[in-house]
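Asker: from the sequence below, what's the structure:
(one chain, ligands or ions: 1)
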Amino acid sequence: MTNKNINNQEVLKSTWTESLANNQQPDGKALLAHLRTVHKNNAGFTEKCPSTCRDKAGRNSYEWLAEIVPNTDGVRVLDLACGSGPLLKILYDRNKNLRLKGVDMCPEELALAKARLPDGVVDLFELKAQNLIAIDDNSIDVVLCHWALTLMNPITPVLNEVSRVLSSGGRFAALVDGPINAAPKYSDVHNLIYKFVQAKLPKYGEIDLGDSRIRSTDRSKNLLKEVFPDAKVNIETSVVFMEGPVTEVAETAAGFFYASFILPQETRSIMLSELSNLLAIPKQSGDPERQGRFSMPINRIVIRK
Ligand SMILES: C[S@@+](CC[C@H](N)C(=O)[O-])C[C@H]1O[C@@H](n2cnc3c(N)ncnc32)[C@H](O)[C@@H]1O
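Answerer: Residues are numbered from 1 along each chain as shown. Predicted structure coming up:
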């Protein structure tokens, strides 16, 4: 058996992690390059956790966000940062006569979205959210953004683009992180993962992906009011959760945190083992294997232009 020193193993390398390692503030270009690297290596990873976690009514966060779209033929919907396309698929299955578009900057994710939908039913574009050049002014009734707004920096050009493409009276709805203490143990899960990441990159956390204002209910409201001064901004909080064999729950929960993807394999395994202990439900006599539970807080932001 080899005796590996895990302290020598390197984190995922990108210009963003290198800036952190050198105590520098990464710029927007480094952020995009980092996200591209994580998504290229793990395309499709995002949807596992939010598809599995459900609220008390049995809805996952895609379904909760999709409720904003009226079930009326011809409604024009843009999924901003659509990733591998789970939200577009839910919308298409619900009403085949919606007019659906999706944009994402990552071609590997778009390829998965294309593969899961019948040919020609959704227009997909490889674009950055800061410059939606292929989408006309006032051409969209509902812009949706599921768990991606928190990754975008600069954020103001994104919101300006959303405002430009939305028709008058159109709606923008985004699913983002909820207040960290709204779900049991969520802050412990966050702290555990960040403890491992900060052992490698101490600045990770103090500097994080995206614009931190979107992670705070009050600050995001102020930011959105800057771009949509006359609009009503409504933010609702909910909690979604999953249960199952604890090793699977831990793996799926960790896969929701971008920070976990920078860890080298061996460090990640140790982190997952600690996470399993944290998420384990006390064993019942009939359980064939240890069960776990993970809950996460979510916010649904809705703005009418
Ligand atoms: C966490 S994933 C969410 C994907 C999908 N909305 C979902 O929930 O399954 C974030 C997605 O945002 C995309 N993304 C991040 N920043 C972006 C930007 N500035 N412009 C376009 N896409 C972006 C990434 O490529 C990735 O597919």
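Asker: tell me how many other residues surround the closest residue to Asn71 other than its chain neighbours.
Answerer: Nearest residue to Asn71 in three dimensions, chain neighbours excluded: Asn95, at 5.4 Å (C-beta to C-beta, 6 or more residues apart in numbering). All C-beta atoms are positioned from the backbone trio N, CA, C, and that covers glycine. Using other C-beta atoms under 10 Å, Asn95 has 16 other residues around it.
Asker: what's the answer for the one 5 residues further on, then?
Answerer: Taking other C-beta under 10 Å as the neighbour definition, Leu100 ends up with a count of 24.
Asker: about what we covered before: check contacts around the residue nearest to Asn71.
Answerer: Listed by C-beta atoms under 8 Å, 6 or more residues apart in numbering, the contact set of Asn95 reads Asn71, Thr72, Asp73, Val75.
Asker: and it, what pLDDT?
Answerer: If you check Asn95, the pLDDT there is 97.
Asker: which of the contacts of Asn95 ranks first by neighbour count?
Answerer: Neighbour-wise, the contacts of Asn95 (other C-beta under 10 Å) top out at Val75, 18 neighbours.
Asker: and the gap between that residue and Asn222?
Answerer: Distance, Val75 to Asn222, using C-beta to C-beta, to the nearest Å: 30 Å.
Asker: where does the prediction get shaky in the protein?
Answerer: Residues of the chain meeting the criterion pLDDT under 70: 1-9, 284-287.
Asker: against Arg99, how distant is Ala259?
Answerer: The value you get for Ala259 to Arg99, if C-beta to C-beta is used, is 37 Å.
Asker: if you could redo that for Thr252, that was the one I meant.
Answerer: 33 Å.
Asker: again with Glu47
Answerer: 23 Å.
Asker: these two: who's more crowded?
Answerer: Under the criterion of other C-beta under 10 Å, the comparison of Glu47 against Arg99 puts Glu47 first, with 21 against 16.
Asker: show me the contacts for the residue lying closest to that one once chain neighbours are set aside.
Answerer: Counting by C-beta to C-beta, 6+ apart, Glu47 lies nearest to Pro86, which is 4.6 Å off, once chain neighbours are set aside. Residues in contact with Pro86 (C-beta under 8 Å, 6+ apart) are Glu47, Ser51, Tyr62, Arg116, His146.
Asker: among the residues you listed, which are located in strands?
Answerer: His146 (DSSP state E).
Asker: the ligand next: which of the contacts of Pro86 are close?
Answerer: Restricting the contacts of Pro86 to those adjacent to the ligand (criterion: C-beta under 6 Å from any ligand atom) gives Glu47, His146.
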